[in-house]
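Engineer: model this:
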Amino acid sequence: MIKSISCFGFRSFATMQTLELAVPTGERGSGLTVLIGPNGGGKSTLVECFQKISIKNENVSFTSGKRNHQAGDSVSITVRFDDTATTLATVDGGGSEAVWSDRNRPRVYFLPARRVFNPYFGRNIWNRDTFIDNPEITQFRASVSDNFSHRLFDISKNSRGFNSLFWRILGKELHWTIDQEDSGSYYVKVMKDGGVIHNSDGLGEGIISLMFIADAIYNSNPNEIIVIDEPELSLHPQLQLRLLDALMDITTTTQVVISTHSPTMVSMDSIVNGGVIARIHEENNASVIDSIDDRCRSLFKSTLRNINNPHIFGNDARSCFFTEDGLIITEGQEDVVIYPQIARQIGIESHIPFFGFGAGGASRITDIAYILHCLGFKKVGAIYDGDKRDDYELFCRDYGRYGYKAWIIPADDVRDKPERAAMQGKLGLVDEKGSIKKEYSEDMTKLFRDINAFLHR
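Structural biologist: Numbers count the residues shown, from 1 in each chain. The predicted model follows:
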């Protein structure tokens, strides 16, 4: 098993950065590492590191455009196993050529984001080992995979295991086989309901991508690591959910790394069971890696048990993992709805990026802030109700040192709340019609302007 991978000098990695990988423990999702972050942060570059170390021969090179000049124009990628390490690095004299420090190489089944094969192909049969041992070396990210058709011949000979997984994710049976034209070219023939037949050229991108992914995971071995860049591409959200479920199963014993832009592909159960979430983003014109820790896992676990606020890390909240930076945490869901209304009423142009639909209470705001801090967010703020001064001061004390900031509204709550059994009534910022009370307009104008200045500093 691979414990970690470190990258220096490759593309945007100007400083040495290390990704600690999830290691399977027998629990669902325990071996799943999920790379998140904004566009241009460095996720695809880190994924390409796995592509580089998948090359078994000595013909590994890093062209001038892929070496970081801030790093002295040299590149090194180090893989650490249980008790050993091996490094692929450019030669001491400089230039493009790279050498391995030893022959202890990882076994990597690598899938790039663009997963397509030529619809018409020649005949060649490769088993899984041959495919892994002969990765395609491309200089460009968007390249056609000529080798995958070799796998299709092998799969078609005994397709039961492949189809079982393929159909599970697809949600229906889609029968296919290899056929040959009179001209001699081969193609994938797909038989749909009603006798409709398609060839390779008519297959949708999602179906083709799913064939690649199904092959990667249906007969995987614990001594391999499977790396998939953006597995969600061209897949309907329902298929993404079923794909994630399949990945949760396989990562009980096998390491899988995915890079994703989809909140659907982030599993809270995986995190709780030991999976890794790592955010790759840019700081000072260089890519950095920040990951969750065991305290984060404990906090995530507590949110899963919170049946009164199941939205805390729902799909809307998980979308925060992919933002560039700048988030405002509120106590509850009504705050996320009402604060923008107040801003409009007082004439403040504000597109405040709120965290999901609230933290599930004032006491949970610091929990969310800690997770965001571990993931490398620099601009995080919080808004507290006027009667939560103790929580407000705790946030300022514990998170002000990270540059985080908090505000407290001039009313006890965001809206008026009548007295109920065992609950005292509260006066809020807005009345029963949702209009801000005149006496709070000036204070809230200042508050929103301060938030905008904080987010755009």
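
Engineer: show me the residues around Q333 that make contact.
Structural biologist: H311, F357, G358 (Cβ atoms under 8 Å, 6 or more residues apart in numbering). To be clear about C-beta, it is placed using only N, CA and C from the backbone, and glycine gets the same treatment.

Engineer: any idea how far it lies from L35?
Structural biologist: Distance of Q333 to L35, computed by Cβ to Cβ, to the nearest Å: 29 Å.

Engineer: mind giving me CSV with the contacts of Q333 and columns for neighbour count, secondary structure and distance to F50?
Structural biologist: Shown next, in CSV, are those (neighbours: other Cβ atoms under 10 Å; DSSP: H, G, I helix; E, B strand; the rest coil; distance: Cβ to Cβ, whole Å):
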residue, neighbour count, secondary structure, distance to F50
H311, 17, coil, 34
F357, 19, coil, 35
G358, 24, strand, 37
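
Engineer: now what about the least confident helix or strand in the chain by mean pLDDT, what contacts it?
Structural biologist: Among the helices and strands of the chain, strand 197-198 carries the lowest confidence by mean pLDDT, DSSP states H and E, at a mean of 76. Strand 197-198 has contacts (Cβ under 8 Å, 6+ apart) with K189, V190, M191, K192.

Engineer: Outside of whatever helix or strand the second one lives in itself, list whatever touches it.
Structural biologist: Assignment of secondary structure by DSSP states H and E places V190 within strand 186-191. Outside of strand 186-191, the residues that reach it under the criterion Cβ under 8 Å, 6+ apart are 119-123, 149, 152-153, 174-181, 197-203, 207.

Engineer: List the buried residues in that strand.
Structural biologist: The neighbour-count check on strand 186-191 (16 or more other Cβ atoms under 10 Å) flags Y186, Y187, V188, V190 as buried.

Engineer: now swap in stretch 118-135 and tell me
Structural biologist: Buried residues in stretch 118-135 (16+ other Cβ under 10 Å): P119, Y120, F121, W126, R128, F131, I132, P135.

Engineer: Can you get me the start-to-end distance on it?
Structural biologist: Terminal residues of stretch 118-135 lie 17 Å apart, using Cα to Cα, to the nearest Å.

Engineer: Now do that stretch, average pLDDT.
Structural biologist: For stretch 118-135, the mean pLDDT works out to 91.

Engineer: Off-centre distance for that stretch?
Structural biologist: From the chain centre to the centre of stretch 118-135 is a distance of 29 Å (Cα atoms, centre = their mean, to the nearest Å).

Engineer: Please apply the same query to stretch 411-419.
Structural biologist: Distance, stretch centre to chain centre, for stretch 411-419: 38 Å (Cα atoms, centre = their mean).

Engineer: Please apply the same query to stretch 377-386.
Structural biologist: Taking Cα atoms, centre = their mean, one finds stretch 377-386 lying 24 Å from the centre of the chain it belongs to.

Engineer: do stretch 249-265 as well
Structural biologist: Its chain's C-alpha centre and that of stretch 249-265 lie 9 Å apart, by Cα atoms, centre = their mean.

Engineer: For that stretch, could you pull out the residues that count as buried?
Structural biologist: Using 16+ other Cβ under 10 Å as the burial criterion, the residues of stretch 249-265 that qualify are 250-252, 254-265.

Engineer: Quick one: end-to-end distance for that stretch.
Structural biologist: By Cα to Cα, the extent of stretch 249-265 from end to end equals 14 Å.

Engineer: Against which helices or strands is the helix or strand where M444 lies packed?
Structural biologist: For M444, the element it lies in under DSSP H and E is helix 441-455. Here helix 441-455 touches helix 333-345, strand 380-384, strand 405-408, going by 3 or more Cβ pairs under 8 Å, 6 or more residues apart in numbering; DSSP states H and E.

Engineer: What are the buried residues along the first one?
Structural biologist: I take that to be helix 333-345. Neighbour-count burial for helix 333-345 flags Q333, E334, D335, V336, V337, I338, Y339, P340, I342, A343 (criterion: 16+ other Cβ under 10 Å).

Engineer: pretty sure the last one contacts V337?
Structural biologist: No. The pair A343 and V337 does not pass the contact test of Cβ atoms under 8 Å, sitting 11.9 Å apart.
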